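> this is a predicted model, with the sequence first.
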Amino acid sequence: MKSWIKEIPKAVLHDHLDGGLRVSTLIELAKQQGYEDLPSKDEVELKAWIQPKPNQTLALNLEAWAHTIGVMQDKDSLYRVTMEALEDLYNDGVVYAELRFAPLVHCQKDLSPSDVVNAVVNGVKDGMDKYGIVSGVILCGMRQENNSESVVDLCIKHDDIIGFDLAGPEIGFSVLNHKNACKKALENDIAMTLHADWEVPEGINEVILQSKAKRIGHGSQIINDVEIKNNNLSFKNKAAKYVFENKIPLEICPTSNIQCGAFNSIPDHSFGKLYKLGFNVTINTDNRLMSDVSMSEEVSNVVDAFDLNQEDIKRITKNTIEAGFVDLELRKKLL
């Protein structure tokens, strides 16, 4: 890793709280709570087991989230995981971080949805005070569930929430199944960033042109909807053209994309082409635990693969902060 990467200010828009626990915290919380389902209590073994492998079934890859969510069912654990996330990001040179999670999956025991939200929001507030990092929380509905409107209601109820997302499996679970939730978010000025990476162009069209999201979660496959002929850029559909012309931010997560089989390697990833074409790309970790990656490592990977320099990263970071959902006055301090 180049020496300047660790020190240069970085910003992340797409970081799942339940995908970013420290392995040691996962083991400690499991012990404290009597959670017996972990496949190993050894940090090295558990870390290796958690990381997705291309030859594994999706169900097995997703099982890791059952364990992280399983130990995040009380206020103390939610608060601790949030504080540690901001500490780890701060120590990695991150100055702006948006954390996202699905609050309803943390109501398996005694917590109400508002209890869950308050625990995480309190962790963010205290983390900001302690580490000086600017941060905010995005609440996720799940595409495969039918309760996304209640998640939007939580966004409306809790003023500290900065946005709404739809996560989960895309294929077979259209964003349009959640049109009432998205409509309510728009009507109440809740900023939206919706996952869309696999069903292109349908997914991008549904997220941007129909649901009016401000950002796209992932979006790396949009490269398949552009063509370059005689040095001229053309678009195969209205959605891709709109994303390009309106500089819609793409929350690209390179390492996660490789692990999910979207690309064979970082050099094969669409990030470099999208950046050089002029798309508004940002660099993100997605799930720091599952992908075993930090923001510095994520930045280092794209710097090496696409021959980027400090000015490129400064430009991308500035664009990332400008695309953020946290109050503008707080973000201005970083620009």
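Ah, there it is.
> contact partners for the residue of the chain positioned farthest from its centre?
For the chain, the C-alpha lying farthest from the average C-alpha position belongs to residue 230; by Cα atoms, centre = their mean, that distance is 35.7 Å. With contacts defined as Cβ atoms under 8 Å, 6 or more residues apart in numbering, residue 230 has no neighbours. (C-beta placed from N, C-alpha, C; glycine too.)
> again with the one 5 residues further on
Taking Cβ under 8 Å, 6+ apart as the contact definition, residue 235 lies against 225, 226, 227, 241, 244.
> ok, the first one touching residue 233?
Same thing as residue 225. No - with contact defined as Cβ atoms under 8 Å, residue 225 does not count as touching residue 233 (11.2 Å).
> settle it for me: which of these two has more neighbours?
Set residue 225 next to residue 233 and count neighbours by other Cβ atoms under 10 Å: residue 225 wins out with 19 against 13.
> how near is that one to residue 203?
Taking Cβ to Cβ, to the nearest Å as the measure, residue 225 and residue 203 are separated by 11 Å.
> same check on residue 27?
Look at residue 27 and residue 203: by Cβ to Cβ, they are 37 Å apart.
> looking at these two, which one has more neighbours?
For residue 27 versus residue 203, the count of surrounding residues by other Cβ under 10 Å is larger for residue 203: 24 against 19.
> excluding its backbone neighbours, what's nearest the more buried one?
When the adjacent residues along the chain are set aside, residue 203 lies closest to residue 196, with 3.8 Å between them (Cβ to Cβ, 6 or more residues apart in numbering).
> same for the longest helix seen in the chain, what does it pack against?
Using DSSP state H to assign secondary structure, the helix with the most residues in the chain is helix 113-131. With contacts defined as 3 or more Cβ pairs under 8 Å, 6 or more residues apart in numbering; DSSP states H and E, the secondary structure elements packing on helix 113-131 are helix 75-91, strand 94-101, strand 134-142, helix 148-157.
> quick one: mean pLDDT over it.
In this model, helix 113-131 has a mean pLDDT of 98.
> give me the angle between it and helix 148-157.
Comparing the axes of helix 113-131 and helix 148-157 via axes from the mean of the first three to the mean of the last three Cα atoms, to 10 degrees yields an angle of 50 degrees.
> would you mark the buried spots in helix 113-131?
Applying a neighbour-count criterion of 16 or more other Cβ atoms under 10 Å, one finds 113, 116-124, 127-128, 131 buried in helix 113-131.
> tell me the one among those residues nearest to residue 330.
If you rank the buried residues of helix 113-131 by distance to residue 330 using Cβ to Cβ, residue 128 comes first, at 8.8 Å.
> go ahead and confirm that closest one touches residue 85.
No - with contact defined as Cβ under 8 Å, residue 128 does not count as touching residue 85 (11.9 Å).
> just the pLDDT for the residue lying closest to residue 236 once chain neighbours are set aside.
In space, not counting the residues next to it along the chain, residue 236 is nearest to residue 225; the distance is 4.6 Å by Cβ to Cβ, 6+ apart. The per-residue pLDDT reported for residue 225 equals 92.
> least confident secondary structure element in this structure?
Of all regular secondary-structure elements in the chain, judged by mean pLDDT, DSSP states H and E, the least confident is helix 202-204 with a mean of 77.
> which elements pack onto it?
helix 238-245.
> which residues touch the helix it packs on?
Looking at helix 238-245 with Cβ under 8 Å, 6+ apart, the contacting residues turn out to be 201, 204-205, 208-209, 216, 219, 222, 225-226, 233, 235, 248, 250, 277-279.
> which of those residues count as buried?
Neighbour-count burial (16+ other Cβ under 10 Å) applied to the contacts of helix 238-245 gives 201, 204-205, 208, 216, 219, 222, 225-226, 235, 248, 250, 279.
> turn these into JSON lines, columns for distance to residue 310.
Conversion of the buried ones among the contacts of helix 238-245 to JSON lines gives the following (distance: Cβ to Cβ, whole Å):
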{"residue": "201", "distance to residue 310": "35"}
{"residue": "204", "distance to residue 310": "31"}
{"residue": "205", "distance to residue 310": "36"}
{"residue": "208", "distance to residue 310": "31"}
{"residue": "216", "distance to residue 310": "26"}
{"residue": "219", "distance to residue 310": "25"}
{"residue": "222", "distance to residue 310": "27"}
{"residue": "225", "distance to residue 310": "31"}
{"residue": "226", "distance to residue 310": "28"}
{"residue": "235", "distance to residue 310": "31"}
{"residue": "248", "distance to residue 310": "25"}
{"residue": "250", "distance to residue 310": "21"}
{"residue": "279", "distance to residue 310": "21"}
